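Chemist: Just need the structure, nothing else, for what follows:
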Amino acid sequence: MKPTDAELEILHVLWAKGPSTVRQVHETLSQNRDIGYTTALKLMQIMHEKRLLSREEDGRSHTYTAAVSQEDTQRGLVDRFVETAFRGSASKLVMQVLGQHKTSREELDEIKKLLDNLDRD
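Modeler: Okay, here's the model as predicted:
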């Protein structure tokens, strides 16, 4: 399941901080943008229904945990993006990204290492 942009922001908070209450997630999100507590709560409830989050209940407090891994989510988003924007061509995506952004020597070395490993497999 593809999370919305707002859901992805919440997942990033939970992946970084681990299990958190709505208040903790709201505080983190509020540092970068204006979001109401009830909006964060509603989004997290919907995400729980969609099985993107799991929830532990302790009295009146609920602690939420990401029920999907960061790697699987990123893989799914990239796969869909490559299919829709680049008609399935990973090379067109890579050439577009490398042509549009300044890439550091370390990143280029990492890319070369990845390509060497893929070539060996």
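Chemist: who does the helix or strand of the chain with the lowest mean pLDDT touch, helix- and strand-wise?
Modeler: Least confident helix or strand of the chain, by mean pLDDT, DSSP states H and E, is helix 90-100 with a mean of 85. Secondary-structure packing of helix 90-100 (3 or more C-beta pairs under 8 Å, 6 or more residues apart in numbering; DSSP states H and E): helix 70-86. The C-beta positions use only the backbone N, C-alpha and C, and glycine is treated the same way.
Chemist: Touching the helix it packs on from outside, list them.
Modeler: Helix 70-86 has contacts (C-beta atoms under 8 Å, 6 or more residues apart in numbering) with 2, 3, 8, 11, 15, 88, 89, 90, 92, 93, 96.
Chemist: any idea how far the third one lies from residue 76?
Modeler: Taken as C-beta to C-beta, to the nearest Å, the spacing of residue 8 relative to residue 76 amounts to 11 Å.
Chemist: Check the second one too.
Modeler: Residue 3 is 9 Å from residue 76, where distance means C-beta to C-beta.
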